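[1] just coords:
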């Protein structure tokens with residue numbers, strides 16, 4: 001066992017008050033990368049079923065889900081499915097399907113879900129049910145048909161949507177010649193509403209059949225972040241970059257898993273930042289009937305309030321027997337060390353790159369996906385991350401472990417800002433394995449380093465507030481990003497085969513590449529197997 005040595009800078013992370021920056025690397029050796037391959041992006045060759053040229057969409061919106069035998073990736077408006085080494089396949093990373101456009105999941109379903117590919121689609125693997133979930137927002141206003149009960153037509157708010165017969169993905173209708181996937185969409189019509197599309201697999205095979213659903217949304221459904229909870233799939237979204245308003249929604253998971261008519265309930269929340277709901281990792285459940293926990297960072301970029309000393313928690317209690325009893329309580333402020341948004345928030349472009357005048361966005365105004373829930377022997381933890389300014393002038397990953405008490409109150413257990421030098425670490429995504437160990441993947445950069453991806457971690461038994469493993473170089477950047485902005489998010493996924501292996505995806509650029517590549521890989525904490 002490698003001996004843990006706490007340096008003076010690491011000890012600073014243990015101190016109360018504002019001194020939560022960890023300003024040196026952990027003394028444990030870096031976590032070894034177990035598997036690593038390129039996913040969607042520059043250089044990816046066509047695979048089986050390809051219906052969409054493998055041209056990276058910008059910006060990159062990376063999501064990843066891992067099942068018993070497969071790895072499912074979505075990047076904005078494209079998806080692909082790869083092998084995972086194990087009982088069924090002898091290698092990891094073989095392309096089984098794709099790249100294909102996201103509306104492939106809704107082929108034959110009809111309506112707006114099938115009509116054209118849409119960005120910001122997200123994939124999750126529901127470990128509790130051994131099913132795949134794909135969520136795809138519809139960003140164009142549509143005047144929906146009167147026959148709302150028909151499959152493919154979005155259900156009105158509060159009404160049940162009919163899924164229609166289960167079907168396999170693809171192929172969707174071809175894109176119109178005048179409207180290829182990479183060109184801007186035409187101007188929004190003034191009339192009509194939006195929608196959210198759901199596909200839930202009938203089993204553990206992502207290439208099998210799916211039940212498909214569509215729900216009308218009166219508000220713009222941007223930035224959806226699905227979370228698995230026993231009583232529903234929770235999907236918060238933003239109603240626009242120019243309004244301080246969010247939409248907290250939940251769909252009827254139990255019905256969708258059976259392919260039965262299902263409902264969606266939504267609550268509008270004004271004056272809040274981007275929301276993320278707690279997403280279960282592992283088989284440890286919250287107590288029956290426990291509300292889902294929803295979290296946001298403080299501050300308000302549109303009001304030029306870029307600092308805060310709290311994160312904010314809501315409890316979302318859904319009632320499927322009587323929607324009038326569904327409640328959203330909060331926000332409750334959890335006092336944390338003061339922070340300031342990295343780069344002053346989103347769409348601000350401040351991370352420097354070598355050989356490039358354009359700088360990178362950091363999405364510093366928001367808690368990032370995923371907010372992870374884990375029940376370890378009855379101890380309920382939630383881990384959340386965001387990007388903050390650091391004393392050294394770069395960017396750091398602020399991370400929190402929260403604990404849920406028996407009365408369902410949420411309290412701060414530990415916190416820190418991982419900032420071991422003057423460079424930038426941002427757009428992180430955390431994971432907790434079945435032993436309670438925490439790992440965080442994040443973008444890394446700042447001249448003279450090209451942007452890439454790195455990983456840090458800690459054991460559950462380590463002193464609080466410290467990433468004790470020296471960071472792992474996960475994907476080394478070789479060029480600057482000059483086309484649009486840097487990603488919108490990275491993401492972790494827990495492997496259900498052992499509940500220990502953590503998968504991660506993020507962007508990097510190859511030398512002389514015209515756009516980004518994505519790197520998918522895995523790692524595991526010592527002692528977890």
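    In hand now; what should we look at? This one's a predicted model, so the numbers in the text were calculated from it and none came from an experiment.
[2] Tell me how far residue 385 lies from residue 379.
    20 Å (C-beta to C-beta, to the nearest Å). Bear in mind the C-beta positions are built from the backbone N, C-alpha and C, glycine included.
[3] Looking at those two, which is more packed in?
    residue 385 (26 against 13; other C-beta atoms under 10 Å).
[4] hang on, that one packs against residue 439?
    No: in this structure residue 385 lies outside contact range of residue 439 using C-beta atoms under 8 Å: 11.1 Å.
[5] Find residues that contact each of these two.
    residue 430 (C-beta atoms under 8 Å, 6 or more residues apart in numbering).
[6] For the longest strand seen in the chain, which strands pair with it and how are they oriented?
    Secondary structure of the chain per DSSP state E: the longest strand is strand 327-340. Strand 327-340 has the following sheet partners, assigned by DSSP bridges: strand 307-317 (antiparallel).
[7] Check what contacts the strand it pairs with and list those residues.
    With C-beta under 8 Å, 6+ apart, strand 307-317 has contacts from 234, 248, 250, 267, 269, 272-273, 275, 277, 291-299, 326-341, 367, 384, 400, 402, 408, 410.
[8] do stretch 38-47 as well
    54, 56, 60, 73, 75, 78-80, 82, 95-99, 505, 507, 509-510, 513-520.
[9] where's that stretch relative to the chain centroid, distance-wise?
    21 Å (C-alpha atoms, centre = their mean, to the nearest Å).
[10] what's the span of it, first residue to last?
    Its start and end residues considered, stretch 38-47 measures 13 Å (C-alpha to C-alpha, to the nearest Å).
[11] cool, stretch 95-113 as well?
    Start-to-end, stretch 95-113 (C-alpha to C-alpha) is 25 Å.
[12] swap in stretch 336-350?
    First-to-last residue span, stretch 336-350, C-alpha to C-alpha: 25 Å.
[13] where does this structure have low pLDDT?
    Applying pLDDT under 70 to the chain flags the ranges 1-18, 53-55, 145-152, 164, 170-190.
[14] residues contacting the residue positioned nearest the centre of it?
    Nearest to the geometric centre of the chain sits residue 369, at 3.6 Å (C-alpha atoms, centre = their mean). Contact partners of residue 369, counting by C-beta under 8 Å, 6+ apart, are 63, 225, 276, 429, 489, 491.
[15] could you pull out the strands for the stretch 401-529 of the chain?
    410-418, 424-432, 438-446, 449-458, 469-475, 491-494, 502-508, 517-523 (DSSP state E, counting those that start in this stretch).
[16] Switch the ones you listed over to JSON lines; also include distance to residue 127.
    Formatted as JSON lines, those follow (distance: least, C-beta to C-beta, whole Å):
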{"stretch": "strand 410-418", "distance to residue 127": "23"}
{"stretch": "strand 424-432", "distance to residue 127": "13"}
{"stretch": "strand 438-446", "distance to residue 127": "17"}
{"stretch": "strand 449-458", "distance to residue 127": "21"}
{"stretch": "strand 469-475", "distance to residue 127": "23"}
{"stretch": "strand 491-494", "distance to residue 127": "7"}
{"stretch": "strand 502-508", "distance to residue 127": "13"}
{"stretch": "strand 517-523", "distance to residue 127": "16"}
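[17] mind listing the helices for the stretch 251-400 of the chain?
    253-258 (DSSP state H, counting those that start in this stretch).
[18] circling back to that earlier point, from the contacts of residue 369, which is closest to residue 456?
    Using C-beta to C-beta, residue 429 comes nearest to residue 456 of the contacts of residue 369, at 12.0 Å.
[19] The closest one - how many residues pack around it?
    Residue 429 has 28 neighbours, counted by other C-beta under 10 Å.
[20] now it: how far from residue 209?
    30 Å.
[21] for residue 130, same thing?
    14 Å.
[22] Residue 260 is nearest to which of the strands of the stretch 401-529 of the chain?
    Among the strands of the stretch 401-529 of the chain, strand 491-494 sits nearest to residue 260 (C-beta to C-beta), with 27.6 Å.
[23] Could you count how many residues lie near residue 357?
    Neighbour number of residue 357 under other C-beta under 10 Å is 8.
[24] what residues are up against it?
    Going by C-beta under 8 Å, 6+ apart, the list of residues near residue 357 is empty.
[25] can you check the one 10 residues further on too?
    Remark: with contacts taken as C-beta under 8 Å, 6+ apart, residue 367 is in contact with 273-276, 295-297, 311, 384-386.
[26] Ramachandran coordinates for it?
    phi -70, psi 130 (degrees, to the nearest 10).
[27] next one: the helix or strand hosting residue 97 to chain centre, how far?
    Remark: residue 97 resides in strand 95-101, with elements defined by DSSP states H and E. Chain-centre distance of strand 95-101: 20 Å, with C-alpha atoms, centre = their mean.
[28] Also stretch 393-412?
    With C-alpha atoms, centre = their mean, you get 18 Å for stretch 393-412.
[29] Okay, buried residues for it please.
    394-402, 404, 410 (16 or more other C-beta atoms under 10 Å).
[30] And stretch 518-529, by the same measure?
    Applying 16+ other C-beta under 10 Å to stretch 518-529 flags 518-525, 528 as buried.
[31] how long is it from one end to the other?
    27 Å.
[32] on that earlier part again, tell me which two of the contacts of residue 369 sit farthest apart.
    63 and 276 (13.3 Å).
[33] show me what contacts residue 163?
    151, 211-213, 256, 259-262 are the contacts of residue 163 under C-beta under 8 Å, 6+ apart.
[34] scratch that, residue 209 is what I was asking about
    166-168, 201-203.
[35] Restricted to buried residues, select those in PyMOL.
    Of the contacts of residue 209, the buried ones go into a single PyMOL selection, burial set by 16+ other C-beta under 10 Å:
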select buried, resi 166+167+201+202
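[36] Between which two of the contacts of residue 209 is the distance greatest?
    167 and 203, at 13.4 Å, using C-beta to C-beta across those.
[37] which residues touch the longest strand of the chain?
    In contact with strand 327-340 (C-beta under 8 Å, 6+ apart) are residues 17-20, 248, 267, 269, 272, 291, 294, 296, 298, 306-317, 386, 388-389, 398, 400, 402, 410-412, 415, 417.
[38] Recalculate using a threshold of 7 Å.
    Residues outside strand 327-340 that contact it (C-beta atoms under 7 Å, 6 or more residues apart in numbering): 18, 20, 248, 267, 306-317, 388-389, 398, 400, 410, 412, 415.
[39] do stretch 454-465 as well
    Contacts for stretch 454-465 (C-beta under 7 Å, 6+ apart): 4, 6, 13-14, 20, 31, 414-416, 418, 435-442, 444, 466-469, 471-474, 504, 523, 525.
[40] and the residue lying closest to residue 420 once chain neighbours are set aside, how many neighbours?
    Spatial nearest neighbour of residue 420, chain neighbours left out: residue 25 (4.8 Å); criterion: C-beta to C-beta, 6 or more residues apart in numbering. When neighbours are defined as other C-beta under 10 Å, residue 25 has 19 of them.
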